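Asks: test case, fold it:
(one chain, ligands or ions: 2)
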Amino acid sequence: MSAQTTANPYLPFVTKIIAVKAETESEFTLTVQAVCSITPGQFFQVSLPRIGEAPISVSNYGSDWIQFTIRAVGKLTGAIQNLKTGENLFIRGPYGTGFPVDRFKNSRLVIVAGGSGVAPVRPLVDQVVNGQLPVKSLDLIAGFKNRASIIFTDDLVQWQQKSNLTLTIDKQEEGWDGATGLVTEHIRKLRFDTFDDLQVIVVGPPVMMKFATAEFRMLQVPAERIWVSFERLMSCGLGKCGHCKIDYTYVCVDGPVLNYSYAANLID
Ligand SMILES: Cc1cc2nc3c(=O)[nH]c(=O)nc-3n(C[C@H](O)[C@H](O)[C@H](O)COP(=O)(O)OP(=O)(O)OC[C@H]3O[C@@H](n4cnc5c(N)ncnc54)[C@H](O)[C@@H]3O)c2cc1C
Ligand code: FES
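Replies: Ligands and ions are numbered 1, 2, ... in the order given. As a prediction, this is how the structure comes out:
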């Protein structure tokens, strides 16, 4: 009997960093060289040998490159922040359900993203503004704590021209002439004549998702029209270890993008 070999799904592959861009004091975007088939909203397990591994969303991609926008909060992300162009980054994936892009075609799309939650929706917004994903309209509410925490400043300028963008910071700051207040206050200003062709995406910190989804429900938006993305502690990313489990849901394979009609019971 001949020996059979099975590819180890836990084994990462090496990618070369081809660009590094600082977004804020603690956040940065890495572009790595890789050819992968990706759906917006998916994530990779990103690692460095002998340091660690963590799930990171794809913040954009092209035919032979992937971007990750990372906040240095701990052991791995802190080490990655020190990497330079030409150095290696290890990744495995893509994992998880992405956004149901086909359902968004010709919809009136509303995206509410808070802080680093803008990263997973960025490829989708780009597809809309580049005309790859035709929609009837795009309302985008991007909320940040303060001016210093705004990421993707170049993209936001471009998105402003091609969508109904509300860029808001929590409180008024000197020199800021844009919108202020929490994203929920801006959701309240949206007007819906019909929900027929509406699709809503909410991505951000758990507390923001909780109140933003509640706000849409108060506006009578059907739960089935709302999509959320969960950031949950993960290990394998493959539906095996159970680290990401909420009740019977494995967020790594059943999510991270979930319909709110299902996810409502998982939001604590
Ligand atoms: C689907 C998904 C997508 C994600 N996408 C992104 C993304 O696009 N960008 C991104 O930046 N992050 C993302 N994350 C989050 C990221 O995976 C975590 O922040 C990850 O834990 C970082 O790994 P680390 O080793 O750098 O941090 P860790 O060292 O594991 O630290 C993680 C947290 O624990 C705290 N901590 C660490 N050590 C201690 C200690 N001794 N005592 C108390 N607290 C401690 C840290 O302050 C930090 O807040 C995503 C998560 C998921 C699930
Ligand atoms: S991370 Fe292991 S089961 Fe989801």
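
Asks: my read is that Asp182 contacts Asp170, right?
Replies: Careful, residue 182 is Leu and not Asp. Yes - the criterion here is C-beta atoms under 8 Å, and Leu182 meets it with Asp170 at 6.4 Å. Where C-beta positions appear, they are placed from N, C-alpha and C, glycine not excepted.

Asks: joint contacts of the two?
Replies: Taking C-beta atoms under 8 Å, 6 or more residues apart in numbering as the criterion, Leu182 and Asp170 both touch Gly143.

Asks: have a look at these two and say which one is more surrounded.
Replies: Leu182 (19 against 14; other C-beta atoms under 10 Å).

Asks: how far away is that one from ligand 1?
Replies: Distance of Leu182 to ligand 1, given as C-beta to the nearest ligand atom, to the nearest Å: 22 Å.

Asks: and what of Gly204?
Replies: With distances taken as C-beta to the nearest ligand atom, Gly204 is found 12 Å from ligand 1.

Asks: and if you look at Ala179?
Replies: From Ala179 across to ligand 1, the span is 24 Å (C-beta to the nearest ligand atom).

Asks: likewise for Phe211?
Replies: Phe211 is 20 Å from ligand 1, where distance means C-beta to the nearest ligand atom.

Asks: SS state for that residue?
Replies: Three-state call for Phe211 (DSSP: H, G, I helix; E, B strand; the rest coil): helix.

Asks: also the one 3 residues further on?
Replies: For Ala214, the secondary-structure state derived from three-state DSSP is helix.

Asks: and it, how many neighbours?
Replies: Residue neighbour count, defined by other C-beta under 10 Å, stands at 14 for Ala214.

Asks: check Val251 too.
Replies: The tally of other residues near Val251 (other C-beta under 10 Å) stands at 26.

Asks: cool, the one 3 residues further on as well?
Replies: By the criterion of other C-beta under 10 Å, Asp254 has 20 neighbours.

Asks: surely Ser261 is in a strand?
Replies: No - per three-state DSSP, Ser261 lies outside any strand segment and is helix.

Asks: ok, it - contacts?
Replies: Pro222, Ala223, Glu224, Ile226.

Asks: list of residues touching stretch 103-116?
Replies: 27, 69, 71, 121, 124-125, 128, 133-145, 149, 151, 183, 187, 190, 197-205, 208-209, 212.

Asks: pLDDT of that stretch, averaged?
Replies: Throughout stretch 103-116, pLDDT has a mean value of 97.

Asks: endpoints of it, how far apart?
Replies: Using C-alpha to C-alpha, to the nearest Å, the end-to-end distance of stretch 103-116 comes to 24 Å.

Asks: with stretch 140-149 instead?
Replies: 18 Å.

Asks: ok, now stretch 119-139?
Replies: First-to-last residue span, stretch 119-139, C-alpha to C-alpha: 17 Å.

Asks: just the element for Leu266, please.
Replies: Assigned by DSSP states H and E, Leu266 belongs to no helix or strand.

Asks: quick check: it touching Tyr248?
Replies: No - in this structure, Leu266 is not within contact of Tyr248 by C-beta under 8 Å, at 10.1 Å.

Asks: neighbour count winner among these two?
Replies: Neighbour count, other C-beta under 10 Å: between Leu266 and Tyr248, Leu266 has more, with 17 against 6.

Asks: got any ranges where this protein has weak pLDDT?
Replies: Along the chain, segments meeting pLDDT under 70 span 1-6, 267-268.

Asks: what residues does it have near ligand 2?
Replies: Proximity of the chain to ligand 2, by C-beta under 6 Å from any ligand atom, involves residues Met234, Ser235, Cys236, Gly237, Gly239, Lys240, Cys241, Gly242, His243, Cys244, Tyr250, Cys252.
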